[in-house]
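In: Got a predicted structure plus its sequence, pasted below:
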Amino acid sequence: MSRTDGSKRTGAGGDGRAWLTTLRALMPIVVAIGTLLVGGLFMTHMPPWRIPDIWSHVYRVDGILNGDVLARPVTSMSYLHHRDGNVGGHVDWEWIEFSLHRDEGHDPTIILPDTITVSDASGADVPYNNTATNSPAAYLPQLAGFALGRALGLTAGATYLLAETIMLVVYAGCAAAAVALLPRWRVLVGLVMLCPVLLYRYSFAISADSLTQALAFLLSCMLLRMLHRRMGVPGYAATAVVCVLLAMCKFIYAPLALLALPAAWAASRGGGTFRHDAGGDGIPSQASSRSTPRSGLPVAAIGVVVSMAWLAVWMKLTGWFVTTPMMVPYTEMEQRKHAMLTDPQALLATLKAIGLSVVTGRANLGRPVDTWLIRCCWTAMLVMVVILAVATARRAMGMRETVFWWCASAVMVGIVLLTYLALWLQYTQAGSAMVEGMQHRYFLPLTVLGALCVAESASHLERRSRSVAV
């Protein structure tokens, strides 16, 4: 080959590498703009009733603003809460009327006006058991929108749109920050975050799922940065804050905060994490030295302790009621928990129901699309575990990094299985052979961490194969 041909190929390769470097640098902006555009498009074309349990979330937000931070017993009912044991709070008449005018008969959490027994000139007591377990932290963007709308004297419709807009901006900011923090895989994670399935509802919805998903993505990228970059105390403190906020959003995802400990341990002095020479997207990694400040582990531990302490306190404060008393009354839920802990046959029956639901991809109300998506999610988790197992068997990763990714995989699978257990205890009616109420949206906050696990394992395997071939 002539020197001219060689220089041309070198130039072409250099141009491609420069283009990819530029793309990686711009990816946070691309993700932010893409999220605002795609999420905004969905937001402007989606009626409220297409958001799961929308009125229960709306009532919860307004109830918090009216002082009902903790739910209390109410006598009014909805289609979903159509018996004794309801809890909720005081909701303004404008939101009750807004929900009645905009529902079109789709959301079962909407208030039944004829059942209202406690009211005044400003509003009435409304049930929302299934969102009463969410702390105010889960609704921070929506609370800001509702409070601002109230202060400006906006109509319920305008306030609803304002709250969705604020949530979309917060989500886009979290997504952009998450990608910007990544030392590797910016393009991959950016494309995952821009997937329409992820942006379809929970980039803007008035729901506890929206901020939960945004914070889960942010924490996932923080954990990878912890593995591959030297971080000072401020970096670990920021990660600890995100851990606490995530635990305060939806308690089922609180176990993600536990991953700060193995991540900090893997990044500590003596870890085998900082030995890579490529940045994942084909860009050389700006690897730090192997020595990472040991002060990071205590800071991470503080974040985990605070997260778990909050979780214990909040569950204690909200553990006296069930989310759907019409499906499973409180006394029956307590009997199920007791039987699981004392009766091996009851435990086996529960595990069998969960197993059947996992294998068949059973979805809430047997919806075909949701069933298909749940099966896809479980298949993706299986692929993740298989690739990680192969990488482990071939010793493609350092010991500490391997431990971290196995912890991450266990936490992700555990979160989903705990979701099945919670639905079995509080949503599945007696006599059902499988768990009812499962939806693919419960997998979504785990997608970025799962994608990073697959990418890291596969890249190490590929590098291992090249080194053996050489």
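Out: It's in. Treat the numbers as computed from the prediction; the structure is a model and nothing was measured.
In: Could you pull out the buried residues of stretch 151-167?
Out: Using 16 or more other CB atoms under 10 Å as the test for burial, stretch 151-167 gives 154, 156, 159-167. Glycine gets a C-beta too; all of them are placed from N, C-alpha and C.
In: Over to stretch 301-316?
Out: Buried residues in stretch 301-316 (16+ other CB under 10 Å): 301-304, 306-308, 310-311, 314.
In: Can you list the buried residues in stretch 461-468?
Out: Neighbour count says stretch 461-468 has 461, 464 buried, by 16+ other CB under 10 Å.
In: Please disregard the earlier target; I meant stretch 326-335.
Out: Neighbour-count burial for stretch 326-335 [16+ other CB under 10 Å]: 326-329, 332-333.
In: same deal with stretch 26-35?
Out: For stretch 26-35, the neighbour count (16+ other CB under 10 Å) marks 27-28, 30-32, 34-35 as buried.
In: I'd like the average pLDDT over that stretch.
Out: In this model, stretch 26-35 has a mean pLDDT of 97.
In: cool, and stretch 385-396?
Out: For stretch 385-396, the per-residue pLDDT averages 95.
In: hmm, back to that, quick one: which of the buried residues of stretch 151-167 is nearest to residue 222?
Out: Residue 222 has its nearest neighbour among the buried residues of stretch 151-167 in residue 167, at 20.9 Å by CB to CB.
In: ok so, going back, can you lay out the buried residues of stretch 26-35 as TSV showing distance to residue 138 and secondary structure?
Out: Converted to TSV, the buried residues of stretch 26-35 look like this (distance: CB to CB, whole Å; DSSP: H, G, I helix; E, B strand; the rest coil):
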residue	distance to residue 138	secondary structure
27	28	helix
28	25	helix
30	28	helix
31	23	helix
32	23	helix
34	25	helix
35	20	helix
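In: export the residues you listed to CSV and tack on distance to residue 201?
Out: CSV is the format used below for the buried residues of stretch 26-35 (distance: CB to CB, whole Å):
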residue, distance to residue 201
27, 24
28, 23
30, 22
31, 18
32, 19
34, 16
35, 13
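In: Bridged to residue 78, which residues?
Out: Beta-bridge partners recorded for residue 78 (DSSP bridges): residue 111.
In: Distance from whichever strand or helix holds residue 308 to the middle of the chain?
Out: Residue 308 is located in helix 296-317, with elements delineated by DSSP states H and E. Its chain's C-alpha centre and that of helix 296-317 lie 18 Å apart, by CA atoms, centre = their mean, to the nearest Å.
In: the helices in the stretch 201-350 of the chain, which residues?
Out: 208-228, 233-249, 260-267, 296-317, 330-342, 344-360 (DSSP state H, counting those that start in this stretch).
In: between the ones you listed, which one is nearest to residue 375?
Out: helix 344-360 (8.3 Å).
In: coming back round to it: I'd like the helices of the stretch 201-350 of the chain written out as JSON lines, with mean pLDDT and distance to residue 455 added.
Out: Below are these laid out as JSON lines (pLDDT from 0 to 100; distance: least, CB to CB, whole Å):
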{"stretch": "helix 208-228", "mean pLDDT": "97", "distance to residue 455": "9"}
{"stretch": "helix 233-249", "mean pLDDT": "95", "distance to residue 455": "20"}
{"stretch": "helix 260-267", "mean pLDDT": "93", "distance to residue 455": "16"}
{"stretch": "helix 296-317", "mean pLDDT": "95", "distance to residue 455": "23"}
{"stretch": "helix 330-342", "mean pLDDT": "94", "distance to residue 455": "37"}
{"stretch": "helix 344-360", "mean pLDDT": "95", "distance to residue 455": "25"}
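In: Columns distance to residue 114 on top of the ones you listed, output as a markdown table?
Out: What follows is those, written out as a markdown table (distance: least, CB to CB, whole Å):
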| stretch | distance to residue 114 |
| --- | --- |
| helix 208-228 | 28 |
| helix 233-249 | 34 |
| helix 260-267 | 50 |
| helix 296-317 | 31 |
| helix 330-342 | 25 |
| helix 344-360 | 36 |
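In: one step back: which member of the buried residues of stretch 326-335 is positioned nearest residue 234?
Out: So of the buried residues of stretch 326-335, ranked by how close each gets to residue 234 (CB to CB), first place is residue 333, at 43.3 Å.
In: just checking, the closest one touches residue 424?
Out: No: taking CB atoms under 8 Å as the contact criterion, residue 333 and residue 424 are not neighbours in contact, 9.9 Å apart.
In: where in the stretch 1-150 of the chain is pLDDT low?
Out: Low-confidence segments of the stretch 1-150 of the chain (pLDDT under 70): 1-16.
In: Which residue ranges of it form helices?
Out: Counting by DSSP H, counting those that start in this stretch, the helices of the stretch 1-150 of the chain are 3-45, 54-65, 93-102, 129-132, 140-152.
In: Need the residues that contact the shortest one.
Out: Counting contacts by CB atoms under 8 Å, 6 or more residues apart in numbering, the residues outside helix 129-132 that touch it are 53, 56-57, 59-60, 71, 80-81, 85-89, 109, 208, 318, 321-325.
In: Swap in 7 Å and give it another go.
Out: For helix 129-132, the surrounding residues in contact (CB atoms under 7 Å, 6 or more residues apart in numbering) are 53, 56-57, 60, 71, 81, 86-88, 109, 208, 318, 321-325.
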